[in-house]
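Asker: this one's sequence-less:
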């Protein structure tokens, strides 16, 4: 496997040379990112407004089984789209044209903040809730998840911005230069 090399182009763009990715069309990467990001925005708001909001109604007798099932099932639903979205961000960071550099960097930072929120706050809260119902932990989860929902919403807006930018350039959008 070859290691990537970074070479600036005459226009100031830079991109690594990675085998096999030179045929990617920018509009397809941006479209896939838009689709999975919008899916994630819908999922995070559904989880926040429906699932999490209903947690207090589950009851002590059913709580343990419910929370274990929730964590297991939601993880399976979110893993694929989140992974694809992250890979799209990585490709756009590594191979984006100069005109999309700002959007790709903003998207990457939003992803970083989402990951930090998830790892530092949401996952530990679910760890506590897997052991037992705890009102304070639940209240904290609702706050940190609301932040995460707004971060995903901002990420969705950036994905729309990127798609609009690609569409503005017309059907002959460039390939991802790798």
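Answerer: Structure received. Keep in mind the model is a prediction, meaning the values are calculated, not measured.

Asker: residue 41: neighbour count?
Answerer: As a burial measure, residue 41 scores 19 neighbours (other CB atoms under 10 Å). (Each C-beta comes from the backbone N, C-alpha and C, glycine too.)

Asker: likewise the one 3 residues further on?
Answerer: Counted with other CB under 10 Å, the neighbours of residue 44 add up to 22.

Asker: which residues touch residue 100?
Answerer: Contacts here follow CB atoms under 8 Å, 6 or more residues apart in numbering; on that basis residue 100 touches 26, 92, 162, 165.

Asker: the last one: neighbouring residues, count only.
Answerer: A count of nearby residues for residue 165, using other CB under 10 Å, gives 16.

Asker: which strands and helices sit next to the longest helix anywhere in the chain?
Answerer: Using DSSP state H, we find that the single longest helix of the chain is helix 60-95. Counting by 3 or more CB pairs under 8 Å, 6 or more residues apart in numbering; DSSP states H and E, the packing neighbours recorded for helix 60-95 are strand 14-16, helix 26-46, helix 101-117, helix 123-131.

Asker: out of these, which is the most enclosed?
Answerer: Among the helices and strands packed on helix 60-95, helix 26-46 has the highest mean neighbour count (mean count of other CB atoms under 10 Å), at a mean of 19.

Asker: show me the contact partners of that one.
Answerer: 77-78, 81-82, 84-85, 88-89, 91-92, 96-97, 100, 107, 145, 148-149, 152-153, 155-156, 159-160, 162-163, 166-167, 173-176.

Asker: of the residues you listed, grab the buried ones for ChimeraX.
Answerer: Selecting only the buried entries of these in ChimeraX, with 16 or more other CB atoms under 10 Å as the criterion:
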select :78,81,82,84,85,88,89,91,92,96,97,100,107,145,148,149,152,153,155,156,159,162,163,166,173,175,176
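
Asker: so who does residue 56 touch?
Answerer: With CB under 8 Å, 6+ apart, residue 56 has these contacts: 135, 138.

Asker: which SS state does it fall under?
Answerer: With DSSP: H, G, I helix; E, B strand; the rest coil as the basis, residue 56 sits in helix.
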